[in-house]
Structure formats: C-alpha cells, structure tokens
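Asks: Quick one, structure for this:
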Amino acid sequence: MRFYVPEWDDCVDAGYDFEHDELSTLDRQARKKDYIWDIFEYDNTPIDGVLISREQVEQSQRKLKRLLKYGVYDDPELSVPEWLPTISDCGAWGYKKFPFPPYDNKEMLDFYEKMCVSTGVTIDHLVLGSGKDKGRLYLDKRAFSGGFSKSDIPDDLTEAVDLMVDEWPDEWPSYVDDYEKSIRTDDAVSPFTQSDFEGNVDDVLAELNEDPRAVYREDDAAFRYKLTLDNAQEMYDLYHNGDYSFRLMVAIQGWDPDSYVEALENVLGIGYDYVGIGGVAGSPIHDVRKIVKNVGKSVKAFEREHTRRIDTHVFGFAKTEGFDMVGRSGMTSFDSASMLRSAWTGGDNYRLDHGERYDAIRVRYPSTHDSLDEAIQTSLRGRETLVALRAYNDKESITDAVDEWHEKAATILPKTQEYLREHRHDDQYDKSRLQDIETVLRDDLDDVAHELHASFSNDLRGRIVKLLRKDDPEDPLEFAEYDDLLSTAADEFAEFPRTPAILPDADSTPYDEIWAVVEDYATWVGDDDLLEAYQRTLAERPWEKCNCPICEEHEIEVCIFRGNDRNRRRGFHNTRRFYDEFTDAIPKILVAIQGSASLSRYETIEEYLRSEEPGFWQHVHDLPVAEIGVFDASGVTEWWTETNSSVSFSRSRMAEKLQEEAKRYQHLFLVTPDGDIDSEATEAVESTSCELHTFADSPALRRNVLETCGEDYVVGDDFIPHAPEANPADGLNILVVDQCSGSKEFPDGAPVFDAAETIQFSREELLAKDNVPAIGARDLYTGRQQEFVREAVRKLRDDGHEVERYFISAGFGLVSENEPLPPYEVTFSSMRVAEIRDRSSKLHIRSDLEKVVDEGDYDVVFFTLGKDYYNSIDIDSMVRRIPADQIGVVFNREIVDEQFDNIVSVPARTEDAKNHGTIVVGLKGLYLKNFARRVGDVEVLTPELIETLCREVEEEPTQAALEQY
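Replies: Residues are numbered from 1 along each chain as shown. All right, here's what the predicted structure looks like:
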C-alpha cells in the first residue's frame with residue numbers, strides 16, 4: 001500500500017540560518033528549496049508518492065507555466081524523484097462552490113500529459129448534499145459588484161435554498177452547454193439588484209434558473225453524482241482513443257455506502273482498474289469506515305468474479321485508527337497532508353506516534369502592527385528565550401549562554417552605527433530595490449547584520465535599509481535619523497538580560513531554569529494556557545527520542561514553533577513518524593514472479609500474467625496491501641504497466657535492481673521456477689532491511705503474504721471484512737466487561753469512601769484502615785443488571801464455557817469479579833464526559849482493559865455497559881482491539897456495529913425492555929441470561945445470531961409481569 005502526500009508548496013530553505021532566523025538569500029528564486037524527498041534518503045523517505053492538484057498548481061501562474069513546460073520530474077524547483085509515482089487530480093475541494101467543475105475532459109487529459117504525471121484522475125464534483133428544502137442556488141460572485149451584497153438577499157430565499165457564492169471562471173468548459181445553456185455568455189457580468197431577488201420564492205428561483213449569473217438545482221447531490229459518472233465515461237473514451245503515457249484513475253463520489261458502491265459498479269462496468277474514493281476528507285472516521293469497507297467488499301467480489309485486479313485509492317484520508325480498515329478492505333493507496341499540517345495548525349504539534357504528541361514551544365516574531373520599540377522588545381525577548389532553549393538542549397549553562405549572547409549583542413548597535421557613518425553613501429547602496437540594498441548590507445556587515453535582525457528585529461534592519469535607499473550623497477540625510485533608530489534599540493536593550501533575575505536558586509536543575517525562562521516568556525506573550533503542555537515538552541525532551549534526520553540535525557529547533565523553516569520541518573518529521581506507524585500496521589510488501597523471454601510479446605504485464613502465469617495471477621490478483629508485478633533485469637514492473645520492449649536476465653543487473661526495490665519494502669515475496677533465486681540476488685536483498693521470501697508454489701506464497709499482513713488477514717477463508725464464527729460445542733472463551741452499580745451490599749456502620757478518597761488512596765491502603773471490610777466485587781454490586789449477569793455467568797460456566805468477568809469501577813478502575821473492595825460511593829453517572837475521561841485516565845481503566853482484551857484469546861467479548869461507562873473506556877476505540885476472528889457485543893452502539901463485521905450492537909432501550917417484561921436498568925443482564933440459556937442449542941455462533949439469542953421473546957410479557965417491576 002502506498003501513501004501519497006499532497007504537494008502544496010511544502011518546501012523549506014535548504015540553507016536556513018536557525019541561529020539568526022535568516023533565510024539563506026533574500027532572492028526567492030535563487031534560494032535552494034528542500035522538499036520532503038530532498039531531506040530524506042531514498043530508503044527512508046516517508047512517502048510513496050505525491051498528489052498534485054491542478055487547482056493548487058494554478059494558484060501560481062509562474063508555477064503552472066513551469067510545470068507545464070518541464071513536467072513534475074524535470075522541473076528545476078519541484079524535481080520529484082523519478083522513483084516517486086505522482087497522481088494529479090482537479091482539486092475538487094477548490095471549486096466545490098461552483099455549479100460545475102471549471103475544466104474540460106479532453107483539456108484535463110492533455111494537462112496530465114504535459115505534467116508528465118504517473119496517474120491522472122477523472123473530473124469529479126463533490127457531492128455536498130442537495131441543500132435546504134428547495135435545493136441549492138449558485139451565484140456568480142462577480143455580480144455582487146454594484147453595491148448589492150449577499151447579505152441583502154431576502155431571508156425567505158436564503159432560508160429556502162443553500163447559497164453557493166464564488167467567483168466563476170471567465171469561460172466554462174463546452175460540456176456545460178449540455179446541462180445549463182443559460183450560463184454561457186460572452187457578455188460582461190452585470191451586477192445583481194434587489195429586484196432580482198424580490199417576490200415569491202418559487203418565482204424568483206424560476207427567473208434565476210434562466211439567469212446567466214445563477215444556477216438553481218432542486219437536487220444538487222444527484223446532479224453532482226451523475227456529472228461525476230458522466231465525466232468518467234467521457235474521459236475513459238477520450239483516453240483510450242488517444243495516446244497518453246499516464247494511467248487513468250476514476251474518481252467516485254457519493255453520500256452513503258450504497259451510493260458509493262453503485263458508483264463503483266458503474267465505473268467498473270466502464271472498464272476502469274484504478275478507483276479513487278473521493279469526498280471523504282474531513283468525514284468522521286466511522287463514516288469513512290463504512291464507505292471504504294463496502295467499496296472494498298464490492299471490489300473484491302468483482303476481482304474474484306472476473307479474475308482482475310482493481311487498485312483503489314482513498315482521497316484525503318490518513319488516520320492511524322483507520323489502518324485496520326483500509327488494509328483489510330484491500331485499498332491500494334491513500335493520501336493526506338493532515339500530519340504535515342498538524343505541525344502548525346494547533347496544539348500537540350510534535351508527533352512521536354498517534355498517542356504521544358507534544359506542544360512545540362511558541363517563540364513569536366514581532367507583529368507587523370507593532371511600533372518599532374514593541375518590535376525590538378519582542379525580538380529581544382524571543383532571542384533570549386531561544387538562546388536559553390538551545391543551552392538547555394545542549395545541556396549547558398543557561399546563564400553562561402545568555403551572558404555570552406548579551407555580551408555579543410551589546411556590540412551590534414555601535415558596530416552598525418560605525419558602519420553606517422562610513423559606508424552609507426557607498427555606490428553599492430545606489431539601488432532602487434530594497435531587497436538589493438538589504439542583500440548588500442547582509443553581505444557587508446555579515447554577522448553584525450544577522451544579529452541586528454535576530455536580536456533587534458527585522459523591522460529595525462528594514463528601516464535602516466529604507467534610509468540607505470533614501471540617503472543620496474548629493475542630498476544626504478541627517479545622520480540623526482539613523483541614530484534615532486539605533487537609540488530606540490539601545491533603550492530597549494538596556495532592560496536585558498532578563499534571565500539572571502528570574503532564574504531560581506543555585507541548587508535548581510537545568511529543567512527548573514529553562515522552565516523559569518519559558519514560563520516568564522509565555523506569560524508575557526499571553527500563552528499562559530500552553531504552560532502545562534510546555535512543561536511536558538521540556539521535561540521529556542521528545543526531540544531526543546527521534547532518530548529522523550530532521551531531529552538529529554536540528555534537535556530542539558524542531559520543537560520550537562516559529563516560522564516556516566522550523567514548522568514545516570516539524571511537519572516533515574511528523575510525516576516520518578506517521579509513516580512508521582503506517583508501515584508497522586500495514587507492512588510494505590512487494591510480490592513478484594520471475595519473467596520469461598515471452599514478456600515482450602504482450603502489451604501489458606497483466607496480459608502476460610493471465611496468459612503465461614495464470615496460477616500465479618489467480619492466487620495474487622486480489623491480495624490486499626501488496627504491490628504485484630514481474631521482475632527481470634530491469635527490476636519489478638507492476639501488473640498494470642506496459643511491458644518493456646526488451647527483456648534481460650543479467651544476474652548482476654537483476655541483483656542490483658532487486659536490492660534497490662527492496663530498500664523501500666519490508667517484505668519481498670518472489671516466485672521462481674524452482675522456488676529459489678540466484679545467490680547474488682539473495683545477498684543483495686538481504687543486505688537491506690527487507691526480508692526475502694522465495695516460493696515455487698503460488699498458494700503457499702498467498703498464505704505467507706496474508707500471515708505477514710497480520711492475524712486479521714487470515715481469518716477464515718478470506719481476508720476481507722466478514723463476520724467470524726465460533727463453535728459453542730467446543731466450549732466458548734467469553735469475556736464479560738460489566739459495570740459497578742449504585743446498589744451495593746456492605747455491613748452497616750462500615751466506612752464508605754468517596755470519589756476523592758478513592759483517588760487519593762489505593763484500594764490496598766483503604767482496605768488496611770480500621771473496620772474496613774473486604775468484599776468481592778461480584779458480591780458488592782447488587783444492581784438488577786449485575787444479578788442477572790451473575791446468573792448468566794454461572795450458567796455458562798456450568799455448561800463448560802470459560803468466562804472471565806471484570807467490572808468497570810468508578811472508584812477503583814478495572815477490577816476482576818473476585819477482587820476485594822472496600823465500601824465506596826462513586827459513580828460515573830453523575831459526571832460530565834470530561835470528568836469521566838479524566839478520572840478514567842487516573843484510574844488507568846482504558847489501558848488496563850486494553851491489556852485484558854489484547855492478551856485474552858476470547859471467542860466473544862460482552863460490554864454490558866451504559867453510556868457513561870462506554871465513555872470511560874472509549875468504546876469506539878476499544879472494539880477495534882477485538883481481532884477479526886473474535887466477536888464483540890455492545891449495546892445501543894449502532895454506529896460501531898455498522899463499521900465492523902465482528903461487532904454486533906444489540907438494542908437495549910425502553911421498548912425492548914417492555915417486550916421482555918423488564919425495565920431498561922436490567923435489560924442487558926437479562927439479554928446475557930437469554931444468551932447463556934440458549935447458546936447450547938447453537939451449532940455455529942455469529943454476531944447476528946448473538947443478537948437473536950439475546951433478544952428473542954418466547955412469549956409476550958403479561959401486565960402482571962410488568963407490574964412486579
């Protein structure tokens with residue numbers, strides 16, 4: 001599986017001066033730019049490809065012209081390495097407020113060809129829903145130019161329709177004529193007036209429907225959906241009638257799993273073999289799971305029916321909690337910039353893994369609105385803080401480092417003054433552009449100019465540069481103008497250094513000292529709310545835990561939030577850490593078969609495999625995760641590509657190519673005629689960190705690939721998500737996760753502990769106090785549900801099943817049924833969600849339960865919990881830990897049920913309780929009793945059948961039965 005990163009000019013200055021916060025050169029075009037693929041080496045670059053959207057490229061006409069001239073691989077600035085595949089799409093999010101995509105199908109294909117990308121994507125239109133009651137109204141923003149604004153549109157219209165206002169292109173693609181003839185006009189756009197929107201809503205919409213400045217649709221979702229499929233058909237025909245060098249991917253849209261599957265079946269019928277799932281970026285994880293799972297199942301069904309391979313891509317999705325889903329659903333690739341953007345878009349912006357994140361220390365630049373003295377003071381405070389942070393990083397004296405900086409900074413203003421007196425009228429300053437003058441000043445003054453910028457602000461240096469341009473030898477300025485600037489800086493500098501006055505006593509630790517500096521600075525700039533997060537960052541020094549080249553080279557600078565060249569490098573680091581998690585969860589696997597001399601007789605690799613290696617193709621064409629192809633001396637050629645015109649099996653060349661391929665994978669699976677491979681090639685692959693597996697037998701290779709993917713991939717006869725089965729006759733291994741009850745049984749007069757005491761003291765400490773009885777958890781909790789569950793557990797054990805029962809205790813965390821507890825009165829039911837999560841964290845409930853679930857080989861796991869107790873364990877995350885061959889049972893959590901085939905949600909609400917002659921409080925326990933009583937009659941247990949066993953009503957409850965409750 002491949003991970004693509006969107007290209008949004010995410011580059012840094014290769015020669016950036018971190019010490020002085022200076023760019024390597026002021027000339028933007030002369031600056032050497034480093035992209036993520038420039039910073040990392042071939043074998044550890046944390047991406048597998050680059051996504052380049054046309055909408056993004058067109059933000060800069062210079063970039064657009066450059067890429068169309070050179071292509072993405074030969075462009076002198078972007079220069080994507082040849083080994084990185086590229087996908088280019090339209091960038092549908094950028095024109096989502098347009099009534100139509102602004103691009104033509106043929107023109108889009110030609111754009112991809114000129115860009116020289118590996119894959120081009122069909123033109124899609126995001127399905128945004130159909131708008132309000134009367135649909136959606138699109139208006140050309142250019143028509144709001146005569147004093148009439150969007151806010152002037154009558155409320156009765158804006159309440160009836162969903163307004164989409166954006167600046168339309170000067171000219172629409174020709175295909176728009178087929179859908180909206182009135183929109184086509186060569187006339188200038190006339191402004192809207194109040195009269196255009198006055199009157200009955202239906203009449204206004206009817207008029208606007210014929211207006212070239214407006215497009216009205218009652219069912220916009222259906223239109224966008226159909227338009228996306230129409231474009232897919234037209235682009236497919238144009239592509240196959242043309243001569244294009246890139247692969248064509250089709251984008252599908254939808255609004256629910258069924259609509260996506262319908263779109264999928266449509267495009268597979270057209271003939272596409274690479275499908276992109278669009279429109280899910282930013283969607284809740286549970287929605288994405290449902291869509292991807294259903295699309296994946298349909299793809300696998302198609303592959304197996306037609307013995308074809310279909311690649312699938314998920315646009316704009318990259319969540320670590322979704323790896324299980326994208327892997328087992330058979331997705332081929334996905335893209336996201338979220339971990340890159342997270343470096344500068346909020347807190348927890350330095351990532352080690354999805355659960356271990358830190359806040360970078362914000363050291364701010366002066367604001368453009370600051371006065372000169374404010375800018376200088378902000379720069380001096382920031383500079384002193386940076387000096388202290390670097391000393392802390394180097395484990396050196398903060399006092400000495402600050403003193404050394406102050407001593408140097410004290411010389412900068414006098415040296416600047418002396419230089420200006422002597423050189424302000426030099427010919428080299430006779431320039432019109434400020435950038436040219438500042439470049440001369442930087443070069444001439446060198447370290448002094450850099451320190452002037454770093455300590456005394458770029459504002460001060462910029463004002464000096466402006467005076468130098470204005471200062472004509474024929475009509476010289478009064479030198480007092482320079483002196484006034486320098487005097488302002490000197491006045492502010494007189495208040496520094498601040499550090500000696502705020503550092504703690506001599507016995508303080510380096511952490512105590514840096515904390516005093518950072519706390520003082522953060523409070524001054526108004527970042528008080530970040531202090532707790534900063535403490536953790538400074539105390540744990542996370543930059544020392546990472547071995548990526550960015551952290552190894554720049555150390556604490558990566559954990560400082562300040563400007564593009566730090567923040568974007570931190571984004572590259574975050575991407576590296578994300579990629580490590582990705583490859584841990586979904587191994588990088590390459591599967592290939594040794595080619596033969598007949599390779600060149602076929603047009604594509606797929607045709608060759610179908611004809612020459614049908615056994616291999618049959619066993620690998622539907623494998624998840626892996627890339628599949630044929631290898632010879634030119635390396636591995638993937639299944640969908642055209643064959644090479646010549647074939648070679650040079651031993652040394654083959655070894656060299658396989659070694660190069662192996663550097664990007666964790667596992668290389670090869671099929672050869674005798675199940676072995678040349679020793680030279682073996683040594684070459686084994687010299688990398690990639691594990692080599694060789695086979696003569698394709699079925700054995702298939703089994704080994706699935707086993708390498710993980711336990712979930714070898715469940716039953718298939719790896720795609722499906723319902724597991726268990727055999728009750730063999731004796732089930734069951735885990736029951738119950739909750740404590742408000743009703744408890746303990747001796748009169750015994751001490752009863754509250755929420756604060758059960759946090760302050762351990763269970764053992766409370767039990768050791770005088771007159772405190774020790775009561776087993778199952779005996780302490782006497783609620784109706786707990787009594788029913790106890791009876792169910794007893795019945796299951798009597799029938800030969802293994803049952804473990806745990807309680808979620810709001811007082812003591814996760815406790816086993818026999819664990820002795822003291823009397824207490826604490827419940828999650830009276831707490832807000834944030835309080836529940838905080839208390840749960842202090843009691844280690846979630847982590848303790850995760851350990852139980854992970855270490856136990858259970859057939860069925862019951863979570864007989866209410867909403868508050870589900871919050872205490874984060875049930876949506878917890879169920880993901882249940883392996884695909886085990887069944888999880890939750891109650892009233894349909895949103896979970898819909899995402900996973902091995903999880904069943906059993907309704908347990910008021911109406912269900914009435915049907916069973918009980919009340920809601922005890923219903924989950926009664927369900928478990930029903931299950932215990934009936935499971936012995938079942939031959940094969942499935943999630944769906946568990947719901948039936950729990951809920952089946954044998955006879956209608958009588959009024960008398962209801963009244964006893």
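Asks: Every contact and neighbour count from this point should use C-alpha atoms.
Replies: Noted.
Asks: three-state assignment of I87?
Replies: strand (DSSP: H, G, I helix; E, B strand; the rest coil).
Asks: Now do the same for the residue minimising distance to the centre of the chain: its pLDDT.
Replies: Nearest to the mean C-alpha position of the chain, by C-alpha atoms, centre = their mean, lies A318 at 3.7 Å. In this model, A318 is scored at 75, pLDDT.
Asks: List the contacts of it.
Replies: Contact analysis of A318 by C-alpha atoms under 8 Å, 6 or more residues apart in numbering lists F334, D335, S336, S338.
Asks: ok, of those, which one's closest to I556?
Replies: Ranked by distance to I556 (C-alpha to C-alpha), these are led by S338 at 22.5 Å.
Asks: and L248, what element?
Replies: strand 247-252 (DSSP states H and E).
Asks: cool, and E513?
Replies: E513 belongs to helix 510-525, assigned by DSSP H and E.
Asks: Show me the contact partners of that helix.
Replies: Residues from elsewhere that reach helix 510-525 (C-alpha under 8 Å, 6+ apart): 362, 381-382, 385, 388-389, 392, 395, 397-398, 499, 502-504, 528, 530-531, 535, 538-539.
Asks: got it, and stretch 816-834?
Replies: Contacts for stretch 816-834 (C-alpha under 8 Å, 6+ apart): 740-742, 746, 750-755, 758, 763, 766-767, 772-778, 780, 805-807, 809-811, 836, 868-869, 871.
Asks: The same query, at a cut-off of 6 Å, please.
Replies: Contact with stretch 816-834 is made by 752-755, 767, 773-778, 805-806, 810-811, 868, as judged by C-alpha atoms under 6 Å, 6 or more residues apart in numbering.
Asks: Tabulate the CA atom coordinates of it in CSV.
Replies: In CSV, the C-alpha atoms belonging to stretch 816-834 read as follows (Å, rounded to 0.1, in the frame of the first residue of the first chain):
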residue,chain,number,x,y,z
SER,A,816,-11.9,-8.7,38.4
GLU,A,817,-15.1,-10.2,39.9
ASN,A,818,-13.3,-11.7,42.9
GLU,A,819,-11.1,-8.7,43.7
PRO,A,820,-11.8,-7.5,47.3
LEU,A,821,-13.0,-3.9,47.5
PRO,A,822,-13.9,-1.6,50.4
PRO,A,823,-17.3,0.1,50.6
TYR,A,824,-17.5,3.2,48.4
GLU,A,825,-20.0,5.5,46.7
VAL,A,826,-18.7,6.8,43.4
THR,A,827,-20.4,6.6,40.0
PHE,A,828,-19.7,7.9,36.5
SER,A,829,-23.4,8.6,36.1
SER,A,830,-23.2,12.0,37.9
MET,A,831,-20.1,13.2,36.0
ARG,A,832,-19.7,15.2,32.8
VAL,A,833,-17.8,13.5,29.9
ALA,A,834,-14.6,15.4,30.5
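Asks: List the buried residues for it?
Replies: Using 16 or more other C-alpha atoms under 10 Å as the test for burial, stretch 816-834 gives S816, E817, P820, L821, P822, P823, Y824, V826, T827, F828, V833.
Asks: residue ranges of the helices in the stretch 751-900 of the chain, please?
Replies: 755-760, 763-767, 777-780, 784-798, 833-843, 845-855, 867-873, 875-878, 894-897 (DSSP state H, counting those that start in this stretch).
Asks: Just put these in a markdown table and tack on distance to D446 and mean pLDDT.
Replies: A markdown table is the format used below for the helices of the stretch 751-900 of the chain (distance: least, C-alpha to C-alpha, whole Å; pLDDT from 0 to 100):
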| stretch | distance to D446 | mean pLDDT |
| --- | --- | --- |
| helix 755-760 | 60 | 94 |
| helix 763-767 | 66 | 95 |
| helix 777-780 | 74 | 96 |
| helix 784-798 | 77 | 96 |
| helix 833-843 | 53 | 94 |
| helix 845-855 | 55 | 95 |
| helix 867-873 | 59 | 94 |
| helix 875-878 | 56 | 90 |
| helix 894-897 | 62 | 79 |
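Asks: How much space separates L531 from A834?
Replies: 20 Å (C-alpha to C-alpha, to the nearest Å).
Asks: got a pLDDT number for the residue of the chain most remote from its centre?
Replies: In terms of distance from the mean C-alpha position of the chain, E474 ranks first, at 61.1 Å (C-alpha atoms, centre = their mean). As predicted, E474 sits at a pLDDT of 93.
Asks: need the next SSE after the one helix or strand E305 maps to, C-terminal direction.
Replies: If you go by DSSP H and E, E305 is part of helix 285-306. Per DSSP H and E, the first helix or strand lying C-terminal to helix 285-306 is strand 311-314.
Asks: Tell me the strands beside that following strand, with direction?
Replies: strand 274-277 (parallel), strand 333-335 (parallel) (DSSP bridges).
Asks: need the least confident one among these, by mean pLDDT.
Replies: Across these, the lowest-scoring stretch is strand 333-335, with a mean of 94.
Asks: Buried residues in the following helix or strand past that strand, which are they?
Replies: Following strand 333-335 in sequence order, the next helix or strand is helix 338-341 (DSSP H and E). For helix 338-341, a neighbour-count test (16+ other C-alpha under 10 Å) marks S338, M339, L340, R341 as buried.
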